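Participant: need a structure here:
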Amino acid sequence: MSFTPVEKILKSTDDTEIFARAVGNCENPSLVFVHGFALSGSVFDDLFRDNDLLDHFYLVRVSACTIHVICNS
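Facilitator: The predicted model follows:
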């Protein structure tokens, strides 16, 4: 099954902007991926295309906008 990713910029309680991208069936349990400082969300690309994971989980990846290039555009 093919899912269209959902992308949002959220604000934390301290006003930090957080970029979130999710894919899958939102009725499934969420599995959240957070990358380390020196990496980007692209390290999870293969997982976000894995049909076995998408059948069972709603995959969400997040990063602070200060380190995510999409937030600067």
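
Participant: And the helices in the chain, which stretches?
Facilitator: 51-56 (DSSP state H).

Participant: What is the neighbour count of residue 28?
Facilitator: 14 (other Cβ atoms under 10 Å). C-beta: built from backbone N, CA, C; applies to glycine.

Participant: ignore the last one, residue 22
Facilitator: So residue 22, with other Cβ under 10 Å, has 18 neighbours.

Participant: Repeat that for residue 23.
Facilitator: Residues near residue 23, counting by other Cβ under 10 Å: 21.

Participant: quick one, phi/psi of the residue lying farthest from the centre of the chain?
Facilitator: The C-alpha centroid of the chain is most remote from residue 14, which lies 20.2 Å away (Cα atoms, centre = their mean). With angles defined as degrees, to the nearest 10, residue 14 sits at phi -100, psi 20.

Participant: how about the CA coordinates for stretch 12-19, as CSV?
Facilitator: What follows is stretch 12-19, C-alpha atoms only, in CSV (Å, rounded to 0.1, in the frame of the first residue of the first chain):
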residue,chain,number,x,y,z
SER,A,12,7.3,23.2,21.5
THR,A,13,6.4,24.8,24.8
ASP,A,14,9.7,26.8,24.6
ASP,A,15,8.8,28.0,21.1
THR,A,16,11.3,25.8,19.3
GLU,A,17,10.1,24.9,15.8
ILE,A,18,10.0,21.2,15.2
PHE,A,19,9.7,19.7,11.7
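
Participant: For it, buried residues please.
Facilitator: Neighbour-count burial for stretch 12-19 flags 18, 19 (criterion: 16 or more other Cβ atoms under 10 Å).

Participant: Roughly how far does the residue farthest from the centre of the chain sit from residue 4?
Facilitator: 31 Å (Cβ to Cβ, to the nearest Å).

Participant: Next: residue 47.
Facilitator: For residue 47, the distance to residue 4 - Cβ to Cβ - is 17 Å.

Participant: Residue 22 too?
Facilitator: 10 Å.
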